[in-house]
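Participant: No sequence on hand, only this structure:
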């Protein structure tokens, strides 16, 4: 790793905060730039995920998929615990149908994209989480209409189309993953492949900063315009992050997961699929005009929360502490 890349890594948390702040400033000062930044969101995120996948030995993903204990715990957290938490928190906006649907849409869908990046940055088992991604995507497509029908009514569930999920899976998962596999195969035989891999390994932090700035900058003006209605959502989304931090930690301990998998589980339970469900929210009827903004508000709260998670999650799951427990168990 070059000295520049090492500097990026050492200061990454504050750089992410600066990227979010830059997005806020640009989005508010230049609201006309919002549409262009929105168009840039998918390409920037796809590039970030390509770099992430490139850093994961894809040959290990098949082995990770056989880790039934981790996969089972991830599914239980995201599709049993999270719906209960989402239902409880959504009651605080049950009087406003558009906000209610926005909260449910975003909280009921586990993230399948930049969660892998943050998991890796926190020392989590990103390979295990990468293996779980197709399953998480498939299950949320099937269960989201069911939970919406239960929590918000059948009319809302009927308005949600699956097409944006399929499009997001193609551009944010399948294409970057296939490109990473090609480069990894090339790197085993040719120097150019190894150079590409080294370049993107060193560029991870700048790519993450670019993604944060673009996502925030593209949406902050719209959120600011409806701030009076959306401000009541912020405590809900912040509470979700706190609840899922400890719910994920508790579930990992019950399942006796290793430290790296515990961190991956916490990030999976707390991080939501806002960039994927946003097209679903935008496709709803005009009476749900606040629903997309409710989804975007969750993105902004979550991004700040994830920067905090990069410090808090490793502190709550120290490697040395867990290792000493294992040694003590072996002595018994």
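Facilitator: It's in. The model shown is predicted, which means the values in this text are computed figures rather than measured ones. Residues are numbered from 1 along each chain as shown.
Participant: CA atoms for contacts and neighbours, from now on please.
Facilitator: OK.
Participant: Low-confidence stretches in this protein?
Facilitator: Within the chain, the stretches with pLDDT under 70 are 1-3, 5, 9-10, 58-65, 155-162, 165, 320-332.
Participant: Show me what the helix or strand where residue 209 lies is packed against.
Facilitator: Using DSSP states H and E, residue 209 sits within helix 204-225. With contacts taken as 3 or more C-alpha pairs under 8 Å, 6 or more residues apart in numbering; DSSP states H and E, helix 204-225 sits against helix 3-10, helix 12-29, helix 34-54, helix 290-316.
Participant: Among those, which comes closest to residue 185?
Facilitator: helix 34-54 (10.5 Å; C-alpha to C-alpha).
Participant: buried stuff in the closest one?
Facilitator: 34, 37-38, 41-42, 44-54 (16 or more other C-alpha atoms under 10 Å).
Participant: among the residues you listed, which two are most distant?
Facilitator: The span of the buried residues of helix 34-54, defined through C-alpha to C-alpha, is set by 34 and 54 at 30.0 Å.
Participant: At which residues are the helices of the stretch 51-200 of the chain located?
Facilitator: Secondary structure of the stretch 51-200 of the chain by DSSP state H, counting those that start in this stretch: the helices cover 59-65, 68-76, 82-90, 97-107, 114-121, 126-152, 154-159, 163-169, 175-187, 191-202.
Participant: tell me the most buried of those helices?
Facilitator: helix 97-107 (a mean of 25; mean count of other C-alpha atoms under 10 Å).
Participant: Please tell me I have it right and residue 124 contacts residue 261.
Facilitator: Yes. Using C-alpha atoms under 8 Å, residue 124 is in contact with residue 261, at 6.0 Å.
Participant: do you know how far the residue lying closest to residue 241 once chain neighbours are set aside is from residue 264?
Facilitator: Leaving aside its chain neighbours, residue 241 sits nearest to residue 270 (5.4 Å; criterion: C-alpha to C-alpha, 6 or more residues apart in numbering). Residue 270 is 10 Å from residue 264, where distance means C-alpha to C-alpha, to the nearest Å.
Participant: Residue 316 now?
Facilitator: Counting by C-alpha to C-alpha, the gap from residue 316 to residue 264 is 13 Å.
Participant: Could you do residue 307 as well?
Facilitator: Going from residue 307 to residue 264 by C-alpha to C-alpha gives 15 Å.
Participant: what sits against the closest residue in space to residue 215 that isn't next to it in sequence?
Facilitator: Using C-alpha to C-alpha, 6+ apart and skipping residues adjacent in sequence, the residue nearest residue 215 is residue 41, 6.1 Å away. The contact partners of residue 41, taken as C-alpha atoms under 8 Å, 6 or more residues apart in numbering, are 211, 214, 215.
Participant: circling back: ok, residue 307 and residue 264, which is more surrounded?
Facilitator: Neighbours per residue (other C-alpha atoms under 10 Å) separate residue 307 from residue 264, with residue 264 holding more: 29 against 19.
Participant: Helix or strand: which one has the more buried one?
Facilitator: helix 259-270.
Participant: now swap in residue 257 and tell me
Facilitator: For residue 257, there is no enclosing helix or strand under DSSP H and E.
Participant: That one contacts residue 70, doesn't it?
Facilitator: Yes. The pair residue 257 / residue 70 is scored as a contact, 7.2 Å apart, by C-alpha under 8 Å.
Participant: before we move on, back to that, and the contacts of residue 41 as TSV, adding neighbour count?
Facilitator: Below are those laid out as TSV (neighbours: other C-alpha atoms under 10 Å):
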residue	neighbour count
211	26
214	28
215	28
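Participant: Same list (the residues you listed) but as JSON lines, adding distance to residue 226.
Facilitator: Shown next, in JSON lines, are the contacts of residue 41 (distance: C-alpha to C-alpha, whole Å):
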{"residue": "211", "distance to residue 226": "23"}
{"residue": "214", "distance to residue 226": "20"}
{"residue": "215", "distance to residue 226": "18"}
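Participant: do you know how far residue 25 is from residue 112?
Facilitator: On the measure of C-alpha to C-alpha, residue 25 and residue 112 end up 28 Å apart.
Participant: Mind checking which of these two has more residues around it?
Facilitator: Each of residue 25 and residue 112 has its neighbours counted (other C-alpha under 10 Å); residue 112 has more, 26 against 17.
Participant: Identify the residues contacting stretch 15-33?
Facilitator: Applying C-alpha under 8 Å, 6+ apart, the contact partners of stretch 15-33 are 8, 34, 208-210, 212-221, 304, 307.
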